[in-house]
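> here are the coordinates; sequence isn't available:
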């Protein structure tokens with residue numbers, strides 16, 4: 001199965017997404033903010049990244065931009081998973097290199113479908 005990095009500064013969101021992803025049979029890595037997420041992406045080179053936007057240090061838009069521009073990580077699809085639900089936020093996220101955009105709160109089925117769309121399973 002796939003190796004998936006989850007980047008979110010909320011412990012409850014992180015654990016909820018981890019549970020869903022692991023129930024699908026995937027391996028999970030986690031990071032608590034954008035800076036740690038960029039470092040984890042370079043270290044683990046996952047098959048997919050689930051990225052929050054509103055985080056300390058480096059926000060999800062900035063982290064996604066760094067990941068999508070770095071030659072060693074630019075092939076990794078990023079799904080932004082965020083409370084920012086405006087069309088302008090979505091458009092900006094996609095311009096930073098995100099491949100999909102999910103707004104919180106999401107259903108388990110929504111997250112599973114987005115993951116399946118990127119890595120199968």
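Looks like it came in fine. Everything quoted here is computed from the prediction, not taken from an experiment.
> show me the contacts for residue 115.
2, 4, 21, 24, 26, 48, 50, 79, 121 (CB atoms under 8 Å, 6 or more residues apart in numbering). For the C-beta atoms, the positions are set from N, CA and C on the backbone; glycine is no exception.
> you'd agree it is in a helix?
Yes - under DSSP: H, G, I helix; E, B strand; the rest coil, residue 115 sits within a helix.
> from residue 74, how far off is it?
Per CB to CB, to the nearest Å, residue 115 is found 20 Å from residue 74.
> that older thread, dump the contacts of residue 115 to a markdown table, plus distance to residue 93, secondary structure and pLDDT.
What follows is the contacts of residue 115, written out as a markdown table (distance: CB to CB, whole Å; DSSP: H, G, I helix; E, B strand; the rest coil; pLDDT from 0 to 100):
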| residue | distance to residue 93 | secondary structure | pLDDT |
| --- | --- | --- | --- |
| 2 | 21 | coil | 98 |
| 4 | 18 | strand | 98 |
| 21 | 20 | helix | 98 |
| 24 | 23 | coil | 97 |
| 26 | 22 | coil | 98 |
| 48 | 15 | strand | 98 |
| 50 | 13 | strand | 98 |
| 79 | 10 | strand | 98 |
| 121 | 24 | coil | 67 |
